[in-house]
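Enquirer: Structure for the following, please:
(one chain, ligands or ions: 1)
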Amino acid sequence: MPNPFYITTPIYYVNARPHLGHAYSTIAADVACRYNLMRDRETFFLTGTDEHGDKIVRAAKNENLSPRAYVDKISGLFKDLCPELRIRYNHFIRTTDPAHIAVVKHILQKIYDSGEIYFSEYEGLYCFGCERFYTERELVDGKCPDHKTKPEVIKESNYFFKISKYQDWLIDHINNNPDFIYPERYKNEVLSFLSEPLEDLCISRPKTRLKWGISLPFDDNYVTYVWFDALINYISAVGYPDGELFKKFWPYVNHIVAKDILKPHGIYWPIMLKAAGIPVYKRLNVHGYWNVDQSKMSKSLGNVIEPLQIKNKYGLDAFRFFIMRDMVFGLDSSFSEESMVQRINSDLANDLGNLFSRVLAMAHKYFSGEIPEVDPVLEQELQLGLESNAIKAIDKFESAMEKFEFHKALIAVWEFISRMNKYVDVTAPWELAKKKSSRKQLEAVIYNLLEGLRVISGLIYPVMPDTSSNMQKHLGMNPDESYYRLEILKKWGTMKSGIKLPKSVTLFPRVDLKKNELYSGENSSEKTLPDLKPEISMEEFNKVDLRIATVVHAEVIPRAKKLLKIEVDLGEKLTIVAGISEGYNPDDIIGKQVIVVANLKPAKIMGILSKGMLLAGFDDNICALGTVDKKIKPGTSLT
Ligand code: MSP
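Expert: Have a look, this model is predicted:
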């Protein structure tokens with residue numbers, strides 16, 4: 001029996017909806033897992049949500065929900081996304097699960113009892129966004145490199161984990177296990193980090209500051225630091241310490257994360273495991289960022305790509321294919337709809353789709369849709385190296401998949417697809433079909449082509465499971481996972497002649513970008529509105545702070561023809577001078593909910609300091625205020 005395979009994704013914070021970055025990590029894990037099924041390995045796939053901490057409490061507050069109601073809601077979004085993306089996890093963990101909480105407490109107690117946790121006062125620079133202390137050295141221009149905000153100086157008594165004690169052990173472990181952190185650039189990054197002395201890790205937060213967390217088993221006035229809680233999910237989910245799943249799968253665990261969380265996974269986690277007497281993980285697989293317009297995709301920059309929107313528009317398999325083909329595992333990639341459409345049209349519609357429909361159309365035309373009888377000698381003679389090309393592609397595919405080089409695995413499959421297309425051109429079945437005397441040759445050629453399609457249908461299974469089973473259905477195979485097994489894919493000549501093939505379908509329709517674009521990019525400037533101002537990016541737009549406000553007071557400004565002095569309430573009061581008096585009397589607008597630009601630089605107008613702007617539209621003789629169609633809390637942001 002081959003070794004089992006255990007794959008994990010990061011557990012995602014529930015402070016924001018899932019976006020392309022989360023979808024990528026989870027789809028990559030799904031692809032790796034399906035590939036291991038092809039190798040007959042027993043697999044376990046873990047994903048889930050990280051639900052404690054400051055960030056979550058703040059996000060819940062913003063939505064006027066209790067932390068519990070809020071985490072249930074957002075965790076549900078992450079969970080529901082999985083079937084939509086054909087993610088076949090074995091377990092979806094939540095850090096609020098009682099079983100997880102029990103394991104976190106167990107480990108904390110174990111490490112505390114062994115004397116590796118101590119209590120001390122600490123003053124440091126704390127980033128609330130990251131929920132961690134920063135050293136001066138880690139800051140860029142005095143700011144958090146991720147949130148671009150100045151960390152605050154915080155002084156408090158806390159519990160610390162003696163990670164410095166394990167520094168030399170970790171360096172040795174990384175050097176002795178060259179695949180421990182992969183790809184190499186990230187191993188080097190961790191080693192470079194470890195070349196400076198490690199500071200002990202603060203692992204608690206006083207409950208006076210944060211209650212939404214797991215209480216320390218040895219001091220009820222404190223909750224544990226989110227990372228200490230979150231990392232343990234990888235073992236609690238499989239039933240540490242005694243569960244059968246833990247015993248079977250833990251020795252074979254592969255973690256997938258992006259580079260943002262390299263440090264907790266590359267440094268804290270192995271040290272936590274070591275200190276708790278648990279064998280360390282097998283391999284940490286680190287990928288880069290999906291960027292949009294050169295910036296990392298994030299909610300705060302307002303440039304998030306929604307996986308469901310893309311999937312609904314272009315189809316799930318096209319989406320899965322694009323992100324796996326475009327990103328080199330370990331490096332950053334830039335998402336653009338334009339390059340996605342190019343790939344769909346060239347790799348999927350042209351190369352694969354055309355090959356599939358051409359071959360099936362010929363099988364229908366020349367053999368009434370039946371897999372032809374084939375003379376084994378002629379079949380061999382007319383292979384022209386197709387079988388050995390298939391084996392070569394499978395070998396390359398395998399070695400790339402083992403290293404999570406998904407793009408290379410797909411390149412190997414597409415090399416074979418292009419070889420198949422050439423085979424059609426060289427053997428020219430339509431010429432063979434013209435003469436009765438070459439009927440046997442025609443049978444052999446079509447049989448070989450169908451065999452090649454069978455191999456392709458299996459190789460695309462991890463990345464494009466739906467297309468794989470669609471192809472297999474049209475190749476006369478019952479949808480059954482054993483067809484994806486590499487052992488069967490390697491056996492040329494397993495298709496049974498005489499089997500009737502259903503009529504062919506178009507696997508991937510071509511896409512016209514101009515008609516279709518979801519997100520604006522360089523090619524989207526076919527604007528028809530007159531006097532349209534120059535295009536702005538989402539990032540620029542997001543600088544404008546639009547809020548709902550209630551008008552609480554309005555008065556005419558003496559001597560001003562068009563101006564009203566207005567006071568609005570948006571949580572706090574704001575004075576605005578607005579040019580709307582030709583359309584509204586003061587009494588008309590008191591009590592109305594209006595849309596306000598709340599972060600406009602203040603300006604003096606008719607001696608009054610105006611601190612914002614009301615949105616209104618003007619045509620020849622009408623002035624209409626921008627309002628909202630339901631009553632809503634003053635101060636709510638418009639997005
Ligand atoms: N909760 C922690 C992880 C705890 S794991 C024990 C966390 N959550 S997160 O919601 O911020 O997710 C971070 C992960 O989401 C990244 O490591 C990556 O897997 C994925 N991505 C988020 N944004 C991304 C991109 N822009 N590009 C690629 N992946 C990114 O950190």
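Enquirer: ok, Asp141 to Met464 distance?
Expert: According to CB to CB, to the nearest Å, Asp141 and Met464 sit 44 Å apart. In short, each C-beta sits where N, CA and C put it, glycine included.
Enquirer: Compare these two and say which is more crowded by neighbours.
Expert: Met464 (28 against 7; other CB atoms under 10 Å).
Enquirer: what about the closest residue to that one other than its chain neighbours, how many neighbours?
Expert: Counting by CB to CB, 6 or more residues apart in numbering, Met464 lies nearest to Asp317, which is 3.9 Å off, once chain neighbours are set aside. Counted with other CB under 10 Å, residues neighbouring Asp317 total 22.
Enquirer: which secondary structure element contains Asp317?
Expert: helix 316-326 (DSSP states H and E).
Enquirer: and that helix, what does it pack onto?
Expert: Here helix 316-326 touches helix 20-38, helix 307-314, helix 337-343, helix 406-427, helix 465-474, going by 3 or more CB pairs under 8 Å, 6 or more residues apart in numbering; DSSP states H and E.
Enquirer: Let me know how buried the residue in the chain that the ligand sits nearest to is, in neighbour terms.
Expert: Here the residue of the chain nearest the ligand is Gly21; by CB to the nearest ligand atom that distance is 2.2 Å. Neighbours of Gly21 under the rule other CB under 10 Å: 23.
Enquirer: Tell me which residues touch it, please.
Expert: Neighbour list for Gly21: 258, 289-290, 297 [criterion: CB atoms under 8 Å, 6 or more residues apart in numbering].
Enquirer: looking at these, which has the most residues close by?
Expert: Trp290 (24 neighbours).
Enquirer: and that one, what pLDDT?
Expert: Note for Trp290: predicted pLDDT of 95.
Enquirer: I'd say it and Pro307 touch.
Expert: No - Trp290 lies out of contact with Pro307 (CB atoms under 8 Å); the separation is 10.6 Å.
Enquirer: Give me the common contacts of these two.
Expert: Both Trp290 and Pro307 are contacted by Leu20, under the criterion CB under 8 Å, 6+ apart.
Enquirer: pull the CA atoms of stretch 346-361 into PDB?
Expert: Output of stretch 346-361 as PDB, limited to C-alpha atoms (Å, rounded to 0.1, in the frame of the first residue of the first chain):
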ATOM      1  CA  SER A 346      -6.300  29.000 -26.700                       C
ATOM      2  CA  ASP A 347      -5.600  26.100 -24.200                       C
ATOM      3  CA  LEU A 348      -9.200  25.000 -23.500                       C
ATOM      4  CA  ALA A 349     -11.400  25.900 -26.500                       C
ATOM      5  CA  ASN A 350      -8.700  25.500 -29.200                       C
ATOM      6  CA  ASP A 351      -6.300  22.800 -28.100                       C
ATOM      7  CA  LEU A 352      -8.300  20.500 -25.900                       C
ATOM      8  CA  GLY A 353     -11.900  21.300 -27.000                       C
ATOM      9  CA  ASN A 354     -11.200  21.100 -30.700                       C
ATOM     10  CA  LEU A 355      -9.200  17.900 -30.400                       C
ATOM     11  CA  PHE A 356     -12.000  16.300 -28.500                       C
ATOM     12  CA  SER A 357     -14.800  17.300 -30.800                       C
ATOM     13  CA  ARG A 358     -12.800  16.500 -33.900                       C
ATOM     14  CA  VAL A 359     -11.900  13.000 -32.800                       C
ATOM     15  CA  LEU A 360     -15.400  12.200 -31.600                       C
ATOM     16  CA  ALA A 361     -16.900  13.600 -34.800                       C
END
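Enquirer: Contacts for it, please.
Expert: So stretch 346-361 is contacted by 318, 321, 325, 414, 417-418, 420-421, 424, 446, 449-450, 453, 456, 460, 471, 474, 501, 503-511 (CB under 8 Å, 6+ apart).
Enquirer: Show me which of the residues you listed are buried.
Expert: 318, 321, 325, 414, 417, 420-421, 424, 446, 449-450, 453, 456, 460, 471, 474, 501, 504, 507-508, 511 (16 or more other CB atoms under 10 Å).
Enquirer: residues in contact with the residue in the chain sticking out farthest from the centre?
Expert: Going by CA atoms, centre = their mean, the residue of the chain most distant from its centre is Arg559, 58.1 Å out. The neighbours of Arg559, taking CB under 8 Å, 6+ apart as the test, are Met606.
Enquirer: okay, it: pLDDT?
Expert: 79.
Enquirer: Quickly find the element holding it.
Expert: Per DSSP H and E: nothing holds Arg559, as it lies in no helix or strand.
Enquirer: ditto for Val552
Expert: Residue-wise, Val552 maps onto strand 546-556 under DSSP H and E.
Enquirer: so how far is that strand off the chain centroid?
Expert: With CA atoms, centre = their mean, to the nearest Å as the basis, strand 546-556 stands 41 Å off its chain's centre.
Enquirer: That strand packs against which elements?
Expert: Applying 3+ CB pairs under 8 Å, 6+ apart, one finds that strand 546-556 contacts strand 564-569, helix 586-589, strand 593-597.
Enquirer: how about 10 Å then?
Expert: Packing partners of strand 546-556 (3 or more CB pairs under 10 Å, 6 or more residues apart in numbering; DSSP states H and E): strand 564-569, strand 573-578, helix 586-589, strand 593-597, strand 613-614.
Enquirer: and after the shortest one, which helix or strand comes next?
Expert: Using DSSP H and E, the helix or strand that follows strand 613-614 in sequence is strand 616-618.
Enquirer: List the contacts of that next one.
Expert: The contact list for strand 616-618 (CB atoms under 10 Å, 6 or more residues apart in numbering) reads 578-580, 582-584, 594-595, 623-627.
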